[in-house]
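1. Turn this into a structure:
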Amino acid sequence: MKRILAITCAGALVLALASCSGGQGGSGSSASTGGSSGSVSSSASASGSDMSGAEGSAPSVQETQSATLYIGMDEAFREYPLEVKGEITPEILIQSMAELTGWNLDVVSAVEGNGKVVVSFADTSALFVGPPEEQKEEFQMLDAGQLDQTILDSICKTIQEWIGTEDGAVQVYFAGPDGGDLVLEGVGVTISADQPYTGFAKEE
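-> Numbering: from 1, shown residues only. Below is the predicted model:
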């Protein structure tokens, strides 16, 4: 009887130990899987955030645009290649001509639209104050008349060649600082702000 009781007790003990061992193992496995899954998800999220941040902070690369500056008067022009990073505008062309020649070509505005470009010169430009005291040998002007015509002809030619249209050359208008007629008192010439520029000698 005692032997049967001992065997029964031993069997119960074995079952109890097996039950406890199975419960602990299952719980540990579940926690480990959950932790592993959470770690992967967090890593992927962090990686995505880093990539997004890198892309957002990367500087945009501006393309180089090409144009040609024409310096001269009437039908005699010399060509100078120009490369600009970013968009080319009438003001950029005029500023580049000033840097090339050494002439002051300050403008109040140079606006493109409706098939025309309107350039309003500032009162500090060479059209009003004359050439610099020390002129570049390649762009030396003999008098105010030659300088004024060369400036206007060059800007007009450069803008027209730069824009270019199938329907013909864009019209260029010149104006004074106030937006009215361009009055060049030094040479006795007035350029109408209401008419497209067709040549220095042809204007009244």
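
2. surely S192 meets V183?
-> No. Taking C-beta atoms under 8 Å as the definition, S192 is not a contact partner of V183, at 10.3 Å. Any C-beta I mention is one placed from the backbone N, CA and C, and that applies to glycine too.

3. ok now do P90, which residues does it touch?
-> 110-112, 117, 119, 159 (C-beta atoms under 8 Å, 6 or more residues apart in numbering).

4. The same query, at a cut-off of 10 Å, please.
-> 107, 109-112, 117-119, 155, 158-159, 162-163, 170, 172 (C-beta atoms under 10 Å, 6 or more residues apart in numbering).

5. Is the residue nearest to it when sequence neighbours are not counted within a helix or a strand, and which one?
-> Excluding its sequence neighbours, the residue lying closest to P90 (C-beta to C-beta, 6 or more residues apart in numbering) is A110, at 3.8 Å. A110 is part of strand 107-113 when elements are defined by DSSP states H and E.

6. and that strand, what does it pack onto?
-> Contact here means 3 or more C-beta pairs under 10 Å, 6 or more residues apart in numbering; DSSP states H and E; on that basis strand 107-113 packs against helix 90-101, strand 116-121, helix 144-163, strand 171-175.

7. Mean pLDDT and distance to R78 for these - can I get that in a markdown table?
-> As requested, the helices and strands packed on strand 107-113 are exported to a markdown table (pLDDT from 0 to 100; distance: least, C-beta to C-beta, whole Å):
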| stretch | mean pLDDT | distance to R78 |
| --- | --- | --- |
| helix 90-101 | 97 | 10 |
| strand 116-121 | 97 | 21 |
| helix 144-163 | 95 | 9 |
| strand 171-175 | 97 | 19 |
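
8. and A67, which of the ones you listed is closest to it?
-> With distances scored as C-beta to C-beta, the stretch of those nearest to A67 is helix 144-163 (5.1 Å).

9. Domain map for the chain?
-> Per automatic domain parsing, the domain ranges recorded for the chain read 1-58, 64-191.
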